[in-house]
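Peer 1: Need the 3D shape of this:
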Amino acid sequence: MSPDVPAEIELARQAERSGRPERARSHYERALRSVRCEEDGKQAASLIRWVGASYRAEGCHAAARDCFRASLAVARLRREPQDVAHALNWLGILNQDRGRIDRADRLFVAARRIARRIGDRRIAAMADQNLGINRNIRGELDGALFHYRRSLRCYEALGETRFMAGVLNVLGMLHTDLEEWREAESAFDRAAAICAGQGDLHTLTMVEVNRVELCVACGQLEKAESACQRAWRLGTRLKQPTVLGEISRWRGVLEREAGRFEEAERYLGGAEGIARKHAAPLLEAEANRELGLLYWRQKRSREALAALLRSRRIFSGMRAQRDLAEVARRLAELEEAFFGIVREWAESIEEKDEYTHGHCHRVATFATALARRLDFDEATLKWFEMGAYLHDVGKIEVPLEILNKPGKLDAAEWEIMKRHTVAGDAIVAGLGFPWDVGPIVRNHHERWDGGGYPDGLAGEDIPLPARVLTVADVYDALTSDRPYRAAFPPEKALGVMEEMSGRELDPALFAAFRGLVRSGAFRTLLAA
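Peer 2: Below you'll find the model as predicted:
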């Protein structure tokens, strides 16, 4: 073998351990150019693969993929099964990075099968570790634990200490998910000790990042702060964008929890920017989620909803590629956050109107009950209810002197009041809800006979969600106190609505609504 090849490989290894992938790549490429003889040729597939790994470390996925595919082609041409298994494993890691978990699984299983056939326990342990990560992503925690432990036992038996740190790191993450704090801390401590002994800067940085999550999860914010500072010092030396983005995200979370909102926004915004630039969807979704919670804490409801909806779109896109229990859990958490913000925003709008306190809540309750009677599915009902809460969101654009005028509005004032439907539609359109709440907001003042506003729609041309909302809105207006009259009792309100049926109200919807009122369902719902 040319003396240049092993020397360049060793220099590359040193650069990798110190977190300098670009320098590592230059040494691997020099080694590749030094290949001269048949013995050197055996290293070609490995060298191309290691160049690919350096590109992946910098977030250059396309270049990494090309290298791994070239390495696979060379290994197959030379009939080197060990290098074939390594290339398959790395291609699996790339697919894992991009959220293509099923494809990654197939590649890891193929790599492990080859490794077992040729008796290469180290590659089998690598594949097991990656299969465990996939199980963890899917929420199959027992399966993840099985693969991690099998990988760790194999590395321990082989004396491959440098690879043990990576398994212990993901094992610590799993124990964090299981709320096994002591076991998680022990795994991170062991991993950190190995990294320090091996000079493995990359894995040590990730251990400290994951330790931040552990400390936040168990409420130890001071320890989380210390771990985040260590991760930041290491990460700035590592110079890997997505790693710095992950550290920025946790830095932002800690600043938010400490009440330093301006700093929190700066760090979280930085994490989101890195994620978008380097195509890291999970980081982008998480950064937006944390930004949404920050804005909510600051009472910036519209920005909070926009950030949370961006997060939801990314998580939903990930779920479209594979069935992720973790993503499903996060989506459920996000939807709960949506409800909280929507309710809070609706209440803040009502504070402008001294005559309608509780109106949004009651209308949402009545309208959602009617929608359920009409067999709206549960997913639709969730977003319909949010739209019902926000049906009067455009009133934030109406001057207070008009909104709270005790007497009748004049023609000019009435024109301004009517604009709240169009203004509200523009507001919700800008937020990008996953289900179209726009028609509820825009068209809930249309009339069955076409005499409503803003579009003069009639009959079934009025969107069904808006027709449902209209019935609930009229009932609440009639059964609530107004400055010019006392609230009507339910039966009297139904009598008035009977006269409106077929003119202002959809007659079929009114009939269904009347049945709900007379059944006593609303008394139970409002009490709850």
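Peer 1: immediately after the helix or strand where L282 lies, which helix or strand?
Peer 2: Per DSSP states H and E: L282 is located in helix 281-297. Counting by DSSP H and E, the next helix or strand C-terminal to helix 281-297 is helix 301-321.
Peer 1: Tell me which other helices or strands that following helix touches.
Peer 2: If you count contacts as 3 or more Cβ pairs under 8 Å, 6 or more residues apart in numbering; DSSP states H and E, helix 301-321 packs onto helix 281-297, helix 325-350, helix 420-431. (Glycine included, C-beta is placed from N, CA and C.)
Peer 1: of all these, which lies closest to V437?
Peer 2: Of all these, helix 420-431 sits nearest to V437, with 5.3 Å by Cβ to Cβ.
Peer 1: Give me the next element, helix or strand, following the helix or strand where L174 lies.
Peer 2: Assessed by DSSP H and E, L174 sits inside helix 161-177. Sequence order places helix 181-198 as the next helix or strand after helix 161-177, per DSSP H and E.
Peer 1: On the pLDDT front, check L309 for me.
Peer 2: pLDDT, L309: 79.
Peer 1: R302: what's it in contact with?
Peer 2: With contacts defined as Cβ atoms under 8 Å, 6 or more residues apart in numbering, R302 is in contact with 345, 427, 431.
Peer 1: now, which of those residues sits nearest E415?
Peer 2: I427 (19.3 Å).
Peer 1: Once you drop chain neighbours, what's closest to the closest one?
Peer 2: Residue nearest to I427 in three dimensions, not counting chain neighbours: V393, with 5.5 Å by Cβ to Cβ, 6 or more residues apart in numbering.
Peer 1: wait, that neighbour sits on V342?
Peer 2: No. Contact status for V393 versus V342: not in contact, 9.3 Å apart, counting by Cβ atoms under 8 Å.
Peer 1: Let me see the confidence value for L293.
Peer 2: 87.
Peer 1: Equivalent analysis for G199, please.
Peer 2: 86.
Peer 1: So the closest residue to it other than its chain neighbours versus D200, what's the distance?
Peer 2: Nearest residue to G199, sequence neighbours excluded (Cβ to Cβ, 6+ apart): R17, at 4.5 Å. Distance, R17 to D200, using Cβ to Cβ, to the nearest Å: 5 Å.
Peer 1: Helix 181-198 and the helix holding L174, what's the angle between them?
Peer 2: Going by axes from the mean of the first three to the mean of the last three Cα atoms, to 10 degrees, helix 161-177 is angled at 160 degrees with respect to helix 181-198.
Peer 1: got a list of contacts for helix 161-177?
Peer 2: 122, 125-126, 129, 132-133, 136, 141, 144-145, 148-149, 151-152, 155-156, 181, 183-188, 190-192, 194-195, 197-198, 200, 203-204, 206-207, 210-211, 213-214, 217.
Peer 1: For ChimeraX, what selects the buried ones among these?
Peer 2: Filtering the contacts of helix 161-177 down to the buried ones (16 or more other Cβ atoms under 10 Å) takes a single ChimeraX command:
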select :122,125,126,129,132,133,136,141,144,145,148,151,152,155,181,184,185,187,188,190,191,192,194,195,198,200,203,204,206,207,210,211,213,214
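Peer 1: what's the helix or strand hosting V84 packed up against?
Peer 2: Counting by DSSP H and E, the element that carries V84 is helix 81-97. Under the contact criterion of 3+ Cβ pairs under 8 Å, 6+ apart, helix 81-97 touches helix 44-57, helix 61-77, helix 101-118, helix 121-138.
Peer 1: got a markdown table for these, with distance to E257 and mean pLDDT too?
Peer 2: Formatted as a markdown table, the helices and strands packed on helix 81-97 follow (distance: least, Cβ to Cβ, whole Å; pLDDT from 0 to 100):
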| stretch | distance to E257 | mean pLDDT |
| --- | --- | --- |
| helix 44-57 | 31 | 91 |
| helix 61-77 | 33 | 94 |
| helix 101-118 | 31 | 95 |
| helix 121-138 | 26 | 92 |
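Peer 1: would TSV of these with distance to E446 be doable?
Peer 2: Shown next, in TSV, are those (distance: least, Cβ to Cβ, whole Å):
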stretch	distance to E446
helix 44-57	55
helix 61-77	50
helix 101-118	46
helix 121-138	46
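Peer 1: quick one, which of the ones you listed is nearest to M417?
Peer 2: Closest approach to M417 among the helices and strands packed on helix 81-97 is made by helix 121-138 (51.1 Å; Cβ to Cβ).
Peer 1: between that closest one and helix 161-177, how many degrees?
Peer 2: If you take the same axes, to 10 degrees, helix 121-138 sits at 20 degrees to helix 161-177.
Peer 1: okay but P21 is in contact with C60, surely?
Peer 2: No. Applying Cβ under 8 Å as the test, P21 and C60 come out as separate, 9.4 Å apart.
Peer 1: So which of the two has more stuff around it?
Peer 2: Between P21 and C60, P21 has the larger neighbour count (other Cβ atoms under 10 Å), namely 23 against 16.
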